[in-house]
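*Asks:* attaching a predicted model along with its sequence, questions to come.
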Amino acid sequence: MNLKINKNRLAGCLMSILVLGTVACSYQQGTTPTLAKSTSNIRLSAKDLGARAASWQINNLDNLHYIPERYHNATSDPKNWIQAAFYIGLTEWTQTLNDKALLKHIQQVAESEGYGLRMHRKTHADDHAIGQTYLWLTENTGNHQTYKTVQTVFDDILANPPQVGLKMEEEKKQRFAFEGPCQDRWCWSDALFMAPRTWLKLSNATGDPKYFEYADKEFWETVDYLFSEEYGLFYRDSRYFEMKSDNGKPVFWSRGNGWVFASLPLIINDLPKEHPSRQRYIELYKKNAAGLARIQNDNGYWPASLLDPNKVKTPEVSGTGFITYGLAWGVNNGILTEQKYKDAVLKGWTAIEKAVEPSGRVNWVQHVGKSPDPVKKSDTQLYGVGAVLLAAAEMTKWSTK
């Protein structure tokens, strides 16, 4: 018998057997092993993959040999957005699995940072992202000390709210790590993942609606500015309104859209059921879902340049992870009922499975940037793991009923 088996896939299947105590793989003569697509096996696959990815990343936090040296400083700081995005995924994974060991790890990291923020750019959304993890700890441990610094910074912002516009223009003051003055507000798509949910969680924790009232207003001003009703997609910032790719296509960045699309389920989950903006978030979610579902590649990945798949032809996992998570949430919660969405989720999840090594290392993650850039298989980053953990957490609940 001529049975052709890919060793990495086989190792992944064996890992599934060891971790989950069940066989979640099927083999056909002359083919590589493939995961069966029953609901139960999809859930088992998600538990296995998420556990491997979380374990690999946590075990490699202190040695960044797998990331180019130019990103080491930004990546090594747990308070920076790169690790913050990983911890947003990890908190969702931890809560879904009720994993006490991971909860302890998250507590230890937050305590070691003094529940602090990066204070040199107090208004910048990227530096508010870690607050989501601190406030998640409040929700899961009852410790209200976790958000005191966040609350102080946000009170300062409310006392002196930024008055700049949302157009991305040159930063004349040359402030460190600001692309433009408008980044005192949420003028780029990434910001909608980083900051608004922190403000929402602070309102939920304190019982004071003023924090989310501010965030809700700012969120919708950014949406009105950056969302394309024509394409159902988000421009990364105003510099991309008229920009065209090398192939003459509008530039919509996969991860830039993934940031926003993943933020919507996270915000909706935390919004009180009776909040007057809740349905507005759901309607935006459905528009964005429709725009994204129709441009998925046949191989299951979303292209780095969403409307120009020939710009970057390789897989890209951070955008695909965030988008797969968002679509799976909509299917699981009965918001997306059409078969096309269920098919897109399964294709996206299969693509993610292929990108994660048996060890748990996540491959094909575009490095830090703001537009579609080339990606190599060996490229990985913590926010990509966060995206995969969000998707894995949601796929453990997979239900098409």
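*Replies:* Sure thing, it's come through.
*Asks:* what's around the nearest residue to residue 122 once chain neighbours are set aside, how many residues?
*Replies:* For residue 122, ignoring the flanking residues on the chain, the nearest one in space by Cβ to Cβ, 6 or more residues apart in numbering is residue 153 at 5.3 Å. Where you see a C-beta, it was placed from the backbone N, CA and C, and this is true even at glycine. By other Cβ atoms under 10 Å, 19 other residues sit near residue 153.
*Asks:* show me what contacts residue 363?
*Replies:* Neighbour list for residue 363: 317, 355-357, 377-380 [criterion: Cβ atoms under 8 Å, 6 or more residues apart in numbering].
*Asks:* filter those down to the buried ones and hand me the PyMOL line.
*Replies:* Command for PyMOL that selects the buried part of the contacts of residue 363, burial taken from 16 or more other Cβ atoms under 10 Å:
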select buried, resi 317+355+356+357+379+380
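*Asks:* how close does residue 80 get to residue 68?
*Replies:* 16 Å (Cβ to Cβ, to the nearest Å).
*Asks:* circling back to that earlier point, mind giving me TSV with the contacts of residue 363 and columns for secondary structure, distance to residue 197 and pLDDT?
*Replies:* Shown next, in TSV, are the contacts of residue 363 (DSSP: H, G, I helix; E, B strand; the rest coil; distance: Cβ to Cβ, whole Å; pLDDT from 0 to 100):
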residue	secondary structure	distance to residue 197	pLDDT
317	helix	22	98
355	helix	26	98
356	strand	26	98
357	coil	30	98
377	coil	32	98
378	coil	31	98
379	coil	27	98
380	coil	25	98
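*Asks:* any chance of the contacts of residue 363 in a markdown table, with distance to residue 44 too?
*Replies:* Listed next are those as a markdown table, based on distance: Cβ to Cβ, whole Å:
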| residue | distance to residue 44 |
| --- | --- |
| 317 | 21 |
| 355 | 18 |
| 356 | 15 |
| 357 | 18 |
| 377 | 26 |
| 378 | 28 |
| 379 | 28 |
| 380 | 24 |
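*Asks:* low-confidence stretches in the stretch 301-401 of the chain?
*Replies:* Residue ranges of the stretch 301-401 of the chain with pLDDT under 70: none are present.
*Asks:* for it, what spans make up the helices?
*Replies:* All helices of the stretch 301-401 of the chain, identified by DSSP state H, counting those that start in this stretch, fall at 317-332, 339-355, 382-395.
*Asks:* residue 231 is nearest to which of these?
*Replies:* Set against residue 231 and scored by Cβ to Cβ, the helices of the stretch 301-401 of the chain come closest in helix 317-332, at 14.5 Å.
*Asks:* what angle sits between that closest one and helix 339-355?
*Replies:* 140 degrees (axes from the mean of the first three to the mean of the last three Cα atoms, to 10 degrees).
*Asks:* roughly how far is helix 317-332 from the heart of the chain?
*Replies:* The chain centroid and the centroid of helix 317-332 are separated by 9 Å, computed with Cα atoms, centre = their mean, to the nearest Å.
*Asks:* list the helices and strands that helix packs on?
*Replies:* Using 3 or more Cβ pairs under 8 Å, 6 or more residues apart in numbering; DSSP states H and E, the elements in contact with helix 317-332 are helix 254-270, helix 278-293, helix 339-355, helix 382-395.
*Asks:* and residue 98, how close does it get to residue 370?
*Replies:* Plainly put, residue 98 is 37 Å away from residue 370 if you go by Cβ to Cβ.
*Asks:* and the longest helix seen in the chain with helix 382-395, angle?
*Replies:* Longest helix in the chain by number of residues (criterion: DSSP state H): helix 39-59. Counting by the same axes, to 10 degrees, helix 39-59 points 150 degrees away from the direction of helix 382-395.
*Asks:* kindly format the C-alpha coordinates of helix 39-59 as CSV.
*Replies:* Backbone C-alpha positions of helix 39-59 (Å, rounded to 0.1, in the frame of the first residue of the first chain) are rendered in CSV as follows:
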residue,chain,number,x,y,z
THR,A,39,-18.8,19.5,14.5
SER,A,40,-17.3,17.4,17.3
ASN,A,41,-14.0,17.0,15.5
ILE,A,42,-13.8,20.7,14.7
ARG,A,43,-14.2,21.5,18.4
LEU,A,44,-11.6,19.0,19.3
SER,A,45,-9.2,20.4,16.7
ALA,A,46,-9.7,23.9,18.1
LYS,A,47,-9.0,22.7,21.6
ASP,A,48,-5.8,21.0,20.5
LEU,A,49,-4.6,23.8,18.3
GLY,A,50,-5.3,26.6,20.8
ALA,A,51,-3.6,24.7,23.6
ARG,A,52,-0.5,24.2,21.4
ALA,A,53,-0.4,27.8,20.2
ALA,A,54,-0.9,29.3,23.7
SER,A,55,1.8,27.0,25.2
TRP,A,56,4.4,27.7,22.5
GLN,A,57,4.0,31.4,22.7
ILE,A,58,4.1,31.6,26.5
ASN,A,59,7.2,29.4,26.6
